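Asks: Give me the fold of what follows.
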Amino acid sequence: MTETNATNEHRKPGLLLACLPLAAMALLLGIGYGIFHLQAQVLLITAAVSAGLVGWRLGYTWEEMQQGIVESVRKAVPAILIMLCVGMLIAAWMASGTIPMLLYYGLKLVSPRFFLVTACAVCSLTSLATGTSWGTIGTIGVAFIGIAQALQVPLGPAAGAIVAGAYFGDKLSPFSDITNLAPIAAGSNLFDNIRHMLWSAVPAWTAGLAVYFFMGLGYGRSGVSAPQIAAITNGLRGHFTFHIVLLLPLAIVFWFAMAKKPVIPGMMLSIATAGILAAWLQRVTLISLARFLSTGYTADTGLADIDRLISRGGIMSMMETLLIALAAFSFGGIMQRTGMLAVVLERVTRLARRVWSLTLTTVVTALTTALITGSSYLAMLIPGELLAPAFRQMDLAAKNLSRIVEECGAIMVPLIPWSMAGVYIAGILGVPVTAFLPFAFMNYFSVLLLVLYGCTGFTMARRRREDETQIGS
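Replies: Got it, this is the predicted structure:
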């Protein structure tokens, strides 16, 4: 009886009241994060407080809103566990020499004659292996900018090829934070998201390479040395013992993925295998390995470029991403429990009654969030949480949503001059965002392909099961 009375006391919000917390969040993130670069977690919690105040005004108790938060976070737990495993996996692969070996042979592919293609391809491989676009741009990218200057290649196209390649590898790497966060935001799973994204990423990457090939024909010069690349490859070779068996941890993860086996057991087996190889080939002690798994692998090669590239991983490296996710889900949980999200969605879905209109709505929402916040994380989390019910209602798989928010949200952020990624890249490469922005072709091509797929229905997968956090959904 008490529960019934409490339910009856709840008032349905109007559109203006339902949009008030969203407006508060946009204001907080646009000014606080976009201009003053305050921590997104604090701003999102403040936005959640504003949603809670509106919920209280509508007659909801704290216990009811807290239940909404718990329910929202609960759905993300499987993906959160995967993220923690990914942190350990990166550290174990670094310590064993698996990723350094991939980097070594990837860098051997450098061909100054076809600079733009080579720079993009090597940065793609490096970022795919390490899962970090920033680390790739800050090390391999800096080396390629030096080569570009020696070759008299225009720095705008050179930086565009580096950024496009680094973010291509980043968005497909199972070790990347944005690749792990997109499924959390949309309610899909890591490996289904990666496989589904290949439909847009690979054609965009191929088309981009073709453009770079024809652009770069006038830039290439033979016989140009690359001392920075040589220093990195020699340093990797001198610090690590390479052996073909180092591919085993990689093979284990890919076999579990291809065989549609549970992800976490496969990752744990790969971590254990990499730990054994680290002890055998690299002489890493058990105590050091345990420390690496917790706080990340710390390299001491004597070369700062190498140390910056491979010193990463560990559970703690995932904490900032997880805190942002938890804060965003707290906001979303209150919005959903109090009915405000339903009111906003009802208006949004009036514009998204077909697959094409839902796709366009998602693309615009992700791009708008990226422009307002300048954050890759928020450009995925906010549209993902907002539009996931609309995709379920239209019986579309959650991996469609995770693909769109990652490609149209996170990957476009480095092309925004006031974003942290844009500021970082411009500073580290010495090339303004406005100079390389027109030449990041793969980023644009991916968005155009997703719009095309949405309008034609091609690759827009239907939902197979209720719980789409399981692989094979």
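Asks: What segments of the stretch 51-200 of the chain are helices?
Replies: 62-74, 77-96, 98-107, 115-130, 133-136, 142-151, 155-172, 177-186, 190-216 (DSSP state H, counting those that start in this stretch).
Asks: Sorry, slip of the keys, the one I care about is the stretch 201-350 of the chain.
Replies: For the stretch 201-350 of the chain, helices defined by DSSP H, counting those that start in this stretch occupy the ranges 227-239, 248-258, 263-281, 286-295, 304-310, 319-337, 340-350.
Asks: can I get the ones you listed in JSON lines with mean pLDDT and distance to L155?
Replies: Quick note: C-beta positions are derived from backbone N, CA and C, even for glycine. Formatted as JSON lines, the helices of the stretch 201-350 of the chain follow (pLDDT from 0 to 100; distance: least, Cβ to Cβ, whole Å):
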{"stretch": "helix 227-239", "mean pLDDT": "84", "distance to L155": "16"}
{"stretch": "helix 248-258", "mean pLDDT": "81", "distance to L155": "34"}
{"stretch": "helix 263-281", "mean pLDDT": "93", "distance to L155": "38"}
{"stretch": "helix 286-295", "mean pLDDT": "95", "distance to L155": "36"}
{"stretch": "helix 304-310", "mean pLDDT": "82", "distance to L155": "19"}
{"stretch": "helix 319-337", "mean pLDDT": "83", "distance to L155": "31"}
{"stretch": "helix 340-350", "mean pLDDT": "75", "distance to L155": "42"}
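Asks: Most tightly packed of these?
Replies: Mean neighbours per residue, mean count of other Cβ atoms under 10 Å, is largest over these for helix 319-337, with a mean of 22.
Asks: who does it touch, helix- and strand-wise?
Replies: Where contact means 3 or more Cβ pairs under 8 Å, 6 or more residues apart in numbering; DSSP states H and E, helix 319-337 is packed against helix 15-27, helix 40-57, helix 62-74, helix 77-96, helix 177-186, helix 340-350, helix 376-393.
Asks: which of these sits most buried?
Replies: Of those, helix 177-186 is the most buried (mean count of other Cβ under 10 Å), at a mean of 28.
Asks: and the angle for that one with helix 319-337?
Replies: Orientation of helix 177-186 against helix 319-337 (axes from the mean of the first three to the mean of the last three Cα atoms, to 10 degrees) gives an angle of 20 degrees.
Asks: Report the inter-axis angle for helix 177-186 versus helix 190-216.
Replies: Calculated by the same axes, to 10 degrees, helix 177-186 forms an angle of 130 degrees with helix 190-216.
Asks: Which strands or helices does helix 177-186 pack on?
Replies: Partner elements for helix 177-186 (3+ Cβ pairs under 8 Å, 6+ apart): helix 77-96, helix 155-172, helix 190-216, helix 319-337, helix 376-393, helix 398-408.
Asks: Tell me which of the ones you listed approaches R347 most closely.
Replies: Closest approach to R347 among these is made by helix 376-393 (11.2 Å; Cβ to Cβ).
Asks: State the number of residues packed around the closest residue to N400 other than its chain neighbours.
Replies: Nearest residue to N400, sequence neighbours excluded (Cβ to Cβ, 6 or more residues apart in numbering): M460, at 5.6 Å. Per other Cβ atoms under 10 Å, the neighbour tally for M460 reads 22.
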